[in-house]
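K.L.:
could you work out the structure for the sequence below:
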Amino acid sequence: MDVLDISRWQFGITTVYHYLFVPLTIGLGPLVALMQTFWQKTGHPYWYRATRFFGTVFLVNFAMGVATGIVQEFQFGMNWSEYSRMVGDVFGGPLALEALIAFFLESVFLGVWIFGWGKVPGWLHTLSIWIVAIATNISAYFIIVANSFMQNPKGAVYNPETGRAELNDIAALLFNKTAIYGYLHAAAGAFLVGGTFILGVSCWWLVRANKQAKAGGWHQDSPEVARHDMHRPVIKMGIWATLLSCVAVAFTGDLQAKLMFIQQPMKMAAAESLCHTQTDPAFSILSTSTHNNCETVQHLIEVPFVLPFLAEGKFTGVTLEGVMELQEKMEALYGPGNYSPNLFVTYWSFRAMIGFMLGSILLVIFAWWYTRKGQVLEGKKGLWFGRLSLFAIATPFLANIFGWVFTEMGRQPWIVHPNPDSVGDPRTELIRMTVGEGVSAHSATYVWITIIGFTGLYLALYIVWFLLIRRAVIAGPPAEDGPTGDAVTGSGQHPAPGPATPVAGDQPAEIEPVRFSTAAPVITDEK
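P.N.:
Numbers count the residues shown, from 1 in each chain. Below you'll find the predicted structure:
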């Protein structure tokens with residue numbers, strides 16, 4: 001492989017690793033904030049336990065997301081210096097805003113939330129986690145604004161003297177329709193991850209806690225019963241969150257597809273392996289072909305009316321351009337070259353994105369059916385239900401990853417896709433760049449060293465993340481009820497949840513901050 005292919009592989013590997021953590025942070029944050037709000041408003045102890053339990057997972061995931069995300073920005077200057085030179089003035093703006101606004105809010109108020117248990121008023125403590133949850137979504141929006149400039153550049157003009165794109169309309173950049181639709185779809189996918197995560201974990205824990213409570217004789221004060229009682233309302237929350245997210249993913253995906261048929265018709269033609277222009281082509285579920293050879297494509301299973309609706313919202317009377325015709329058109333506009341993406345990757349990543357979402361849908365159906373009217377599966381059925389619930393958690397992660405693979409690979413060979421509205425406009429039509437033009441002039445050996453190093457480092461971080469999440473989930477929620485009454489809504493100074501007997505010295509205790517090392521709050525006595 002040459003330096004271009006190795007650089008693309010490195011960026012792809014590090015991005016996929018990073019995006020393992022991003023959707024869970026975006027999707028889980030609002031759910032944890034909602035749990036704490038329910039606890040503050042109702043005083044029910046199970047919402048306190050849920051907040052502490054899933055809050056620990058959120059913190060571990062947030063930390064890993066930050067650690068793996070730092071490398072992403074440096075790669076643009078290191079491996080894609082020509083790209084950075086041309087569009088850095090525009091591309092860097094949203095990234096700077098993300099750091100100045102979103103990351104500032106996250107870092108400040110996450111500290112308040114971690115260390116503010118028992119030290120700040122309850123309303124302020126709850127507000128802090130809401131600010132963190134909102135800030136993570138603001139961060140996501142700024143990142144997608146930067147990405148949308150690569151998909152459909154707006155808000156900039158080309159300076160022929162410097163050969164650079166220069167920002168001239170910040171509003172056009174920030175409110176690019178590509179960014180708005182892209183964010184809505186990515187956020188819906190992230191909420192699907194968050195909803196599926198709490199649903200899958202709670203289903204597994206419900207079966208486990210039910211077995212433990214039954215073995216212990218169902219003593220009301222036992223931690224097993226407390227955990228059992230916590231996970232049932234969380235399952236209801238998870239069902240609703242996952243179900244609503246599925247609807248949002250479908251709706252926003254439809255909006256984005258219609259936009260892509262206009263802005264990047266080659267991507268959508270490749271997603272269907274549509275080689276030649278057709279009227280009302282069917283959507284293929286399964287096809288075969290030799291590697292990246294359009295003429296050998298055979299669609300084996302097809303569904304009519306779907307593709308025309310995705311393109312224009314109509315079931316008939318829709319003509320879609322094929323890969324071959326679009327190739328000729330782009331050669332006429334931009335000169336000789338291969339302007340079609342890898343058909344195999346684009347076609348199957350699109351279907352994997354859709355297909356893996358079915359795992360969340362199936363989990364919702366089975367979770368509702370097997371937990372309705374207070375029932376809990378037992379025996380081997382319960383064991384398999386719990387295990388499959390955990391496996392289902394992986395499916396929306398995979399759907400999100402394949403969605404980004406489709407988005408980025410379908411744009412190839414462009415690193416900055418030309419805006420179709422800029423054709424003929426000398427100020428903007430030259431804001432375009434292929435990946436071959438954007439790569440740095442490194443030696444292949446140099447990039448091989450970095451790709452091996454970063455892949456090994458990210459693999460180690462992933463293992464650490466997995467072990468920490470596994471430890472937190474297995475440890476389970478705390479058995480303590482949490483403070484109630486004035487302690488929840490007042491000044492925030494309250495005795496810690498604990499046994500009925502007085503603590504040492506009969507002094508009020510303090511809830512320590514959430515720790516990465518344990519899923520349960522640590523209770524210490526103030527001296």
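K.L.:
what count of nearby residues applies to H231?
P.N.:
When neighbours are counted by other CB atoms under 10 Å, H231 registers 30. To be clear about C-beta, it is placed using only N, CA and C from the backbone, and glycine gets the same treatment.
K.L.:
in terms of contact, does it touch N210 like I think?
P.N.:
No - counting by CB atoms under 8 Å, N210 is not a contact partner of H231; they are 9.1 Å apart.
K.L.:
other residues contacting stretch 339-350?
P.N.:
Contact with stretch 339-350 is made by 266-267, 270-273, 287, 289, 291-294, 297, 323, 326-327, 330-331, 402-403, 405-406, 409-413, as judged by CB atoms under 8 Å, 6 or more residues apart in numbering.
K.L.:
of those residues, just the buried ones, ChimeraX syntax please.
P.N.:
Selection of the buried residues among those in ChimeraX, burial being defined by 16 or more other CB atoms under 10 Å:
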select :266,267,270,271,272,273,287,289,294,297,323,326,327,330,402,403,405,406,409,410,411,412,413
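K.L.:
restricted to helices, list the contacts of stretch 339-350.
P.N.:
Among those, the ones falling in helices (DSSP state H) are 266-267, 270-272, 323, 326-327, 330-331, 402-403, 405-406, 409.
K.L.:
run through who's touching stretch 287-300.
P.N.:
Contacts of stretch 287-300 (CB under 8 Å, 6+ apart): 273, 275, 282, 284, 286, 323-324, 340, 342-344, 347.
K.L.:
and if we set it to 7 Å?
P.N.:
Stretch 287-300 is contacted by residues 273, 275, 284, 286, 323-324, 342-344, 347 when judged by CB atoms under 7 Å, 6 or more residues apart in numbering.
K.L.:
those: which two are farthest apart?
P.N.:
Spatial extent of these (CB to CB) is set by the pair L286 and M324 at 21.9 Å.
K.L.:
which of those two has more residues huddled nearby?
P.N.:
Between L286 and M324, M324 has the larger neighbour count (other CB under 10 Å), namely 16 against 10.
K.L.:
hmm, T277 and that one touching each other?
P.N.:
No - here M324 does not reach T277: they are 8.3 Å apart, not a contact under CB atoms under 7 Å.
K.L.:
what about G163, distance to I198?
P.N.:
Here the distance between G163 and I198 works out to 50 Å (CB to CB, to the nearest Å).
K.L.:
whoops, I463 was the one
P.N.:
To I198, I463 is 23 Å away according to CB to CB.
K.L.:
scan the chain for its longest helix.
P.N.:
Using DSSP H, we find that the single longest helix of the chain is helix 223-263.
K.L.:
thinking again about what came up before, so for G163 and I198, which residue has more residues nearby?
P.N.:
Neighbour totals were compared for G163 and I198, and I198 leads with 27 against 11 (other CB under 10 Å).
K.L.:
tell me the contacts of that one?
P.N.:
Residues in contact with I198 (CB under 7 Å, 6+ apart) are 31, 54, 234, 237-238.
K.L.:
so for it, what's the pLDDT?
P.N.:
pLDDT, I198: 93.
K.L.:
got it, and the one 5 residues further on?
P.N.:
We note a pLDDT of 88 for C203 in this prediction.
K.L.:
assumed it was part of a helix.
P.N.:
Yes - according to DSSP: H, G, I helix; E, B strand; the rest coil, the state of C203 is that of a helix.
K.L.:
now do the closest residue to it other than its chain neighbours against V247, distance only.
P.N.:
Closest residue to C203 apart from its sequence neighbours, by CB to CB, 6 or more residues apart in numbering: S389 at 3.8 Å. Note on S389: its distance to V247, by CB to CB, is 21 Å.
K.L.:
and those two? which has more neighbours close in?
P.N.:
S389 (25 against 10).
K.L.:
so which elements touch the longest helix of the chain?
P.N.:
helix 45-78, helix 177-215, helix 265-272, helix 306-312, helix 343-371 (3 or more CB pairs under 7 Å, 6 or more residues apart in numbering; DSSP states H and E).
K.L.:
out of those, which is closest to F11?
P.N.:
Among the helices and strands packed on helix 223-263, the nearest to F11 by CB to CB is helix 45-78 (5.9 Å).
K.L.:
how far out from the middle of the chain is that closest one?
P.N.:
In terms of CA atoms, centre = their mean, to the nearest Å, the centre of helix 45-78 is found 12 Å from the chain centre.
K.L.:
show me what it is packed up against.
P.N.:
helix 3-19, helix 22-42, helix 81-97, helix 223-263, helix 444-475.
K.L.:
that one vs helix 444-475, what angle?
P.N.:
Per axes from the mean of the first three to the mean of the last three CA atoms, to 10 degrees, the angle that helix 45-78 makes with helix 444-475 is 180 degrees.
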